[in-house]
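[1] For reference, the sequence and a predicted model appear below.
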Amino acid sequence: MSTEYQPQRTIRETVSYLAYLVWSGFMNTIEVVAEAIQHRVGIDRMGYFFVLPNMLIFGIFVLFPMLLNFYYALTGGTNLFLNERPFVGMQNFNTLFDCHNFFEPNSCNVPADIFWRAIFNTVLFVILQVGGMVLLSLVTALVLNRKIVGRGFFRSVFFYPVLLSPVVVALAWKWILQREGLLNALIESFGGEKILFLLNGNWPMFWVIIVSIWATMGFYTLILLAGLQSIPSDLYEASAIDGANEFSNFRFITLPLLMPTMFVVLVLSMIRAVQVFDQVFVLTGGGPGTATTFMVQFIYDTGFSNQIQIFGLASAASVVLGIALLILTLIQLRMGRESSMV
Amino acid sequence: MTIGEFINGRRGKRSFHVTDLLSYFYLTVGTLLMFGPVVWLVMSSFKTQAALVEFPPQFLPYVQQTVEVEGYDDPLPIYNVTLDDGTIRTLAQVRRVGIEAQMVDPQNPEEIIKVNIKQREEIRQIRLAWENYVDPLERFNFLTYLKNSVIVTVVATLITLLINSMAAFALSKYNFKGRDTIFVIIIATLMIPISVILVPVFLVITSVGWNNSLWGVIIPGAATPTGVFLLRQYMLTIPDELLDSARTDGASEWRIYWQIILPLAKPALAVLAIFSVMWRWNDFLWPLIVLSRNELFTLQVGLNSFQGELNIQWHYVLAMTVLTLLPITIVFSFLQRFITTGIATTGMK
């Protein structure tokens, strides 16, 4: 009986043995080099050796470009390489801010009108998406925090879309929202008329927000649920002795103690909402017109997708985006310090 | 209240309350909304082109039954036809002219029966259109995209795990000049996404000659601040005495790293590995910029270029979308408890 399993086991053993050989061979090879270095520099300075590969890549591909971005924003032309780019000072920023009235994108000259439209769209998106999502995540987390049969299952259900790629998410919804799609079939079966969800009026923005909430709320639900479960249960027991009802429990125990977690969720989700791009790019392509064009897409279009690639303008726009993100991060750091002191 | 008793029977402690019912209602609706779009996507991906354009759409992938009739080259679709005298016969349709259909009895193919199209009703059966899945494999570069995605995901994750864990080891177990500065820089850039520095990173990539190369996709995101931070916090909990006693036994620093620290940091490494696989598999904007040659596309970029074509071939797009979400779904269904608790405790993405 057991002989049938013998070959399989040896194959598996062989594979894992080979993997171990490769792995330890690799590590032993580096060890020769590392030991030689250790002999020269001593144990304490081996820290530099270990941190070096990471910081090298980090320096070249993150830190250096971050600094370069500022300089790039001050140069003009359509060449990518810096020595072929003339220094133009604040011209790119002037182009982006070339408006009569900043609250009226139509009063701006091209391409500032698209930039400001993108800013307004992004602000609107951040407010509605984050607001709606935090609310839904909170309700879901509160429900999941009850004594629910199958909590693990439901937690996974709400989390599943988080893992899906933005392209997959967008295509799944595009299929539902198209003219002959499932949603229009449902509407017709209730006697309504077909709606062009991705083309008409405010529908595209509405669906971009809904799809984005759908795809991300599970993540924040998990964080909020973890926050809820870290609230000590004896607080509720004590309030039960005092005769408090469910609502005052929520108002005076749950909500205040959940505030730090709420704050993390709020800032994380805002930082991500400001960068909204891929789902929308596949779902609506930023359209119709510029109805769902957001800041990252403006950068992408200006620098990479349009016929003429205006790298300087794209850089200037990313400086603006970076400043917005920096402000959000600073708020988080500040408030994070305050809440950790409590 | 039998349901209530059932629930109470499982849970015991509290008496049943109307809010429990509301909770389960909420969760049921939530489950439908969360799974619905994906279920619909999967069902649709098994439909033939004809069934896809049908409106209103059916849930199950139906196809019309056909029959081989003597004297006709192609198989003919069959219908239930209500004749004028009220009898119902099963006939095959030869052709349709306006509102009139010319039908034949498969048993008696000589005689043509003309009926109004309102009198006939399709006979259907359930059939999965596997050709939606098979055709793209042959006609498009699907397998190439898949290969590129797998290469990017695996290589990037291995590199990330290696260099991040080395850096985390240095930052948690050594006292060297500049250590705190490095750590502060890493913390400060936790929130800086690549979308803010697209142009200069593209310049660096182009200067290195990695434009239109998978390395250009893999390397820039490899030194993740998130990973270094996560691993460092975990390695701080490993006692220093372990390292000291290993040093007394004559182990080199590198041996301490790979034979003591790495095995002990396995849980944190696993969380980072899952994150990295997720990031890389789903990555879109950066590969979209770096890769402009079709044979280098990753799955996400390839999928997007498909759906961007003027005539969306939905039957292929849907099937390829399902194939793209399949690996992540399988991994998730096995590791869901681990992933959900891992994310809840580290709280980042």
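    Thanks, I have the structure now. These numbers were taken from a predicted model, which means no experiment stands behind them. Residues are numbered from 1 along each chain as shown, chains lettered A, B, ... in the order given.
[2] and stretch A:61-71, which residues are buried?
    A:61-66, A:68-69 (16 or more other CB atoms under 10 Å in any protein chain shown). Placement of C-beta: from N, CA and C, glycine included.
[3] likewise stretch B:298-312?
    By neighbour count on 16+ other CB under 10 Å, the buried set for stretch B:298-312 is B:298-304, B:306-307, B:312.
[4] Pipe those into JSON lines and attach secondary structure per row.
    Putting the buried residues of stretch B:298-312 into JSON lines (DSSP: H, G, I helix; E, B strand; the rest coil) gives the following:
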{"residue": "B:T298", "secondary structure": "coil"}
{"residue": "B:L299", "secondary structure": "helix"}
{"residue": "B:Q300", "secondary structure": "helix"}
{"residue": "B:V301", "secondary structure": "helix"}
{"residue": "B:G302", "secondary structure": "helix"}
{"residue": "B:L303", "secondary structure": "helix"}
{"residue": "B:N304", "secondary structure": "helix"}
{"residue": "B:F306", "secondary structure": "helix"}
{"residue": "B:Q307", "secondary structure": "helix"}
{"residue": "B:I312", "secondary structure": "coil"}
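[5] can you tell me which of the buried residues of stretch A:61-71 are in strands?
    Among the buried residues of stretch A:61-71, DSSP state E puts none in strands.
[6] For B:T329, state which of the buried residues of stretch B:298-312 is nearest.
    B:L299 (13.9 Å; CB to CB).
[7] To what extent is the one residue in the stretch 151-300 of chain B that gets nearest to chain A buried, counted in neighbours?
    Nearest residue of the stretch 151-300 of chain B to chain A (CB to the nearest CB) works out as B:Y174 at 3.1 Å. Other residues within reach of B:Y174, judged by other CB atoms under 10 Å in any protein chain shown, total 19.
[8] From what I see, B:N116 and B:Q102 are in contact.
    No. Judged on CB atoms under 8 Å, B:N116 makes no contact with B:Q102 at a distance of 11.6 Å.
[9] rewinding a little: in JSON lines: the buried residues of stretch A:61-71, plus pLDDT and distance to A:L164.
    Shown next, in JSON lines, are those (pLDDT from 0 to 100; distance: CB to CB, whole Å):
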{"residue": "A:F61", "pLDDT": "92", "distance to A:L164": "27"}
{"residue": "A:V62", "pLDDT": "90", "distance to A:L164": "27"}
{"residue": "A:L63", "pLDDT": "90", "distance to A:L164": "32"}
{"residue": "A:F64", "pLDDT": "92", "distance to A:L164": "33"}
{"residue": "A:P65", "pLDDT": "92", "distance to A:L164": "29"}
{"residue": "A:M66", "pLDDT": "90", "distance to A:L164": "30"}
{"residue": "A:L68", "pLDDT": "90", "distance to A:L164": "34"}
{"residue": "A:N69", "pLDDT": "90", "distance to A:L164": "31"}
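[10] Most widely separated two among these?
    Maximum distance among these (CB to CB): 12.6 Å, for A:F61 and A:N69.
[11] On the three-state scheme, A:T293 is what?
    Applying three-state DSSP: A:T293 is coil.
[12] surely it meets A:I119?
    No. Assessed by CB under 8 Å, A:T293 is found out of contact with A:I119, at 10.1 Å.
[13] What ranges does chain A have for its strands?
    Under DSSP E, chain A gives no strands.
[14] Then chain B?
    So, for chain B - with DSSP E - the strands run B:62-64, B:66-67, B:76-82, B:88-97, B:100-105, B:108-116, B:120-122, B:124-126.
[15] could you dump those strands to CSV with distance to chain A, mean neighbour count and mean pLDDT?
    Compiled in CSV, the strands of chain B are given as follows (distance: least, CB to the nearest CB, whole Å; neighbours: other CB atoms under 10 Å in any protein chain shown; pLDDT from 0 to 100):
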stretch, distance to chain A, mean neighbour count, mean pLDDT
strand B:62-64, 15, 17, 76
strand B:66-67, 24, 15, 78
strand B:76-82, 22, 19, 81
strand B:88-97, 22, 16, 79
strand B:100-105, 24, 18, 80
strand B:108-116, 25, 12, 78
strand B:120-122, 18, 15, 78
strand B:124-126, 18, 12, 76
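[16] pLDDT wise, what is the closest residue to chain B within the stretch 1-150 of chain A at?
    Residue of the stretch 1-150 of chain A nearest chain B, by CB to the nearest CB: A:G47 (3.1 Å). On the pLDDT scale, A:G47 is placed at 90.
[17] That one - how many residues pack around it?
    24.
[18] Ignoring the adjacent residues along the chain, who's closest to it?
    B:Y174 (3.1 Å; CB to CB, 6 or more residues apart in numbering or on different chains).
[19] surely that neighbour meets A:F49?
    No. Assessed by CB under 8 Å, B:Y174 is found out of contact with A:F49, at 9.5 Å.
[20] looking at chain B, which residue ends up farthest from its center?
    B:D85 (54.8 Å; CA atoms, centre = their mean).
[21] Phi and psi next, for it.
    phi -80, psi 0 (degrees, to the nearest 10).
[22] Where do the domain boundaries of the chain fall?
    All of this refers to chain A. Per automatic domain parsing, the domain ranges recorded for chain A read A:2-83, A:91-341.
[23] ah, no, chain B please
    Split by automatic domain parsing, chain B gives B:2-45, B:66-122, B:140-346.
[24] Report the contact partners of residue 316.
    Went with chain A since none was named. A:73, A:92-93, A:95-96 (CB atoms under 8 Å, 6 or more residues apart in numbering or on different chains).
[25] try again with chain B
    B:132, B:135-136, B:140, B:306.
[26] That one and A:D278, how far apart?
    As judged by CB to CB, to the nearest Å, B:Y316 and A:D278 stand 21 Å apart.
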